[in-house]
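Here you go, sequence then predicted model.
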Amino acid sequence: MPTAGSPYASRMTTSGAEQFESLLANRARIGFGVPVHTPRPSMSALYEFGGGYPDPESFPYEGMIEATKQMLAAEGAAAMTYGDAQGYRALRELICHKYEVFEAFKAEPENIIVSNGSGQALALAFSAFVDPGDVIITEAPTFSGTLNTMRRHGPEILDVPLDEEGIVTSAVRERLESLRRQGRRAKLIYTIVNFQNPAGMCQSLKRRHELIALAHEYETLILEDDAYGELRWGGETLPPLYALDRGGRVIRAGTLSKILGAGVRIGWLCAPKEMIPAFQGFLFGGGVNPFMSRVATYFLRDNLVPHIQRLIAVYKAKCDATLRGLDDTLRGTDYSVSRPDGGFFLWMKLPSGTDQKKLSELAVEARVQYTPGPAFFPHKGGGENHIRLAFSYESPEKCYEGARLMGKAIVGAR
Ligand SMILES: Cc1ncc(COP(=O)(O)O)c(C=O)c1O
């Protein structure tokens with residue numbers, strides 16, 4: 001904080017923004033002043049089911065120390081200076097290797113551009129393709145963070161529902177057809193294909209094929225977001241939209257946040273080579289995070305599969321414990337909850353008659369953090385009788401106990 005009398009004090013007044021607001025670029029005016037949510041576990045809650053925070057106990061502290069030492073010994077100055085504009089090449093190779101091992105498809109390092117988490121990767125895609133007033137079609141519910149990023153680009157957001165097979169493609173067709181009748185088209189269709197955030201399902205193979213066919217028929221692009229695909233303990237892995245598409249209509253976002261640590265802030269886009277310059281223009285030429293990209297690469301080169309196998313067991317135990325806690329307290333009511341084969345989230349339809357406002361008060365009293373359903377819908381009215389519980393952060397014991405307290409709060413809010 002500047003002290004009174006410091007040269008900065010006079011500039012830190014509440015009227016400060018008035019001095020530059022009229023000079024802001026149009027794109028910066030969109031959402032200017034809306035607080036940016038910092039994803040961080042709540043300080044007041046004892047049971048954190050709010051954000052999709054990775055398990056802190058599983059961070060590979062020793063492995064990262066070792067990887068840093070090895071990396072610095074091998075690469076020295078190269079790690080401490082500007083890097084390749086598209087991102088550290090060995091990391092891009094490793095991402096392609098990961099795709100081959102987990103999803104059996106081939107991409108080239110030239111298809112990858114490294115970003116500051118997949119949050120920035122998605123922002124790069126919106127920056128490259130979306131002007132204010134352009135149309136984005138999104139499934140709803142969807143990840144609230146992406147909705148915030150999307151809104152900053154000023155689009156018209158058209159939502160379509162999800163069912164147990166993922167995005168309802170007949171509804172996408174209706175949206176696209178109605179736009180065509182108006183002489184318009186969508187710029188992007190945004191979809192989370194694996195362990196959807198918040199709803200938990202994976203998009204079926206049939207829907208994947210249908211969505212790609214629609215993108216071709218109506219000349220639009222698909223922005224495929226996959227943050228959780230490797231964390232699978234049931235069901236079968238399906239090929240990504242990016243691999244199924246033969247015509248360059250899919251941009252895929254990925255991240256190390258959920259399999260290594262959100263603090264490494266490494267994500268990427270995988271896209272047709274010719275498209276990469278459209279994203280690169282929005283990044284400074286020195287590459288994103290050359291130092292951390294190297295550390296992550298050195299660690300994952302040796303540990304990718306065993307580390308992820310360990311994580312799968314960890315998250316499955318947490319998911320099971322949370323479901324048990326809910327079932328123990330809510331059995332007998334008409335609640336329903338997703339039972340995902342992977343990922344971080346449970347999506348719950350509250351028992352009929354639950355008062356969300358009362359629930360929020362009771363959850364605060366019980367010191368349980370969760371996210372109310374409306375956060376995941378682009379427009380008012382969605383998700384009123386739903387909540388999302390992230391089971392990723394707490395230990396299985398706390399997941400069970402927290403879920404029981406949440407269940408009791410739900411019963412009390414009816
Ligand atoms: C579906 C989805 N996409 C993207 C992200 C962004 O993650 P990050 O920027 O940490 O890579 C998240 C984070 O929770 C997510 O759930």
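Sure thing, it's come through.

From here on, just use CA atoms for contacts and neighbour counts.
Fine.

Domain ranges for the protein, per the record?
According to automatic domain parsing, the chain comprises the domains 47-60+307-412, 61-303.

dump the residue contacts of the nearest residue to V337 once chain neighbours are set aside.
Spatial nearest neighbour of V337, excluding adjacent residues (CA to CA, 6 or more residues apart in numbering): M348 at 4.3 Å. Counting by CA atoms under 8 Å, 6 or more residues apart in numbering, M348 touches Y335, S336, V337, S338, H386, I387, R388, L389.

do that again at 7 Å, thanks
Residues near M348 by CA atoms under 7 Å, 6 or more residues apart in numbering: S336, V337, S338, H386, I387, R388.

next one: phi and psi at the last one?
Put plainly, it is R388. Dihedral pair for R388: phi -110, psi 130, per degrees, to the nearest 10.

what does the model give it for pLDDT?
pLDDT recorded at R388 is 98.

Next, work out how far apart E139 and the ligand are.
12 Å (CA to the nearest ligand atom, to the nearest Å).

What strand or helix carries L162?
Using DSSP states H and E, L162 sits in strand 156-163.

Contacts for that strand, please.
With CA under 7 Å, 6+ apart, strand 156-163 has contacts from G133, D134, V135, I136, I137, T138, E139, A140, I167, V168, A171, V172.

mind redoing it with 10 Å?
Identification of contacts with strand 156-163 by CA atoms under 10 Å, 6 or more residues apart in numbering yields 130-142, 147, 150-151, 167-176, 186, 189-190, 196, 199, 201, 203, 377-379.

For the next helix or strand after that strand, give the mean pLDDT please.
Using DSSP H and E, the next helix or strand after strand 156-163 towards the C-terminus is strand 166-167. For strand 166-167, mean pLDDT is 98.

How about strand 166-167 and the ligand, touching?
No - applying CA under 6 Å from any ligand atom, one finds strand 166-167 separated from the ligand by no less than 13.6 Å.

buried ones in the helix or strand following that strand?
Scanning forward in sequence from strand 166-167 by DSSP H and E, the next helix or strand is helix 169-181. Of the residues in helix 169-181, T169, V172, R173, R175, L176 count as buried by neighbour count, 16 or more other CA atoms under 10 Å.

Next, the angle from helix 169-181 to strand 156-163.
160 degrees (axes from the mean of the first three to the mean of the last three CA atoms, to 10 degrees).

Give me the contact list for helix 169-181.
Here helix 169-181 has contacts from 135, 137-139, 158-162, 182-186, 189, 206-212, 214-215, 217-220, using CA under 10 Å, 6+ apart.

Show me which of those residues are buried.
135, 137-139, 158-162, 185-186, 189, 207-208, 210-212, 214-215, 218, 220.

Whichever helix or strand P306 is part of near the ligand at all?
In this assignment (DSSP H and E), P306 forms part of helix 290-330. No - Helix 290-330 lies apart from the ligand when judged by CA under 6 Å from any ligand atom; the minimum separation is 13.6 Å.

to the chain's geometric centre, what's the distance from that helix?
Using CA atoms, centre = their mean, to the nearest Å, the mean C-alpha position of helix 290-330 is found 16 Å from that of the whole chain.

what pLDDT, on average, does it get?
98.

Could you identify the helix or strand that succeeds that helix?
strand 336-337.

Just to check, G402 is in contact with E394?
Yes - G402 is within contact range of E394, at 8.9 Å (criterion: CA atoms under 10 Å).

And these two? Which one has more around it.
Looking at G402 and E394 with other CA atoms under 10 Å, you find the greater number of neighbours at G402, namely 27 against 23.

Ramachandran coordinates for the closest residue to that one other than its chain neighbours?
What sits nearest to G402 in space, not counting adjacent residues and going by CA to CA, 6+ apart, is Y47, at 5.4 Å. With angles defined as degrees, to the nearest 10, Y47 sits at phi -130, psi 110.

Which residues are in contact with Y47?
Contacts of Y47 (CA under 10 Å, 6+ apart): 41, 363, 366-370, 391, 393-395, 398-403, 405-406.

again, 7 Å this time
Contacts of Y47 (CA under 7 Å, 6+ apart): R367, V368, Q369, E394, K398, G402.

what does the average pLDDT come to for the helix or strand where the last one lies?
This means G402. Assessed by DSSP H and E, G402 sits inside helix 396-412. Averaged across helix 396-412, the pLDDT comes to 98.

OK, contacts around V368?
A45, L46, Y47, E48, G402, M406.

circling back to that earlier point, adjacent strands (with direction) for the strand holding L162?
Strand pairing for strand 156-163, using DSSP bridges, gives strand 135-140 (parallel), strand 166-167 (antiparallel).

In JSON lines: those, plus distance to R265.
Shown next, in JSON lines, are the strands paired with strand 156-163 (distance: least, CA to CA, whole Å):
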{"stretch": "strand 135-140", "distance to R265": "25"}
{"stretch": "strand 166-167", "distance to R265": "28"}
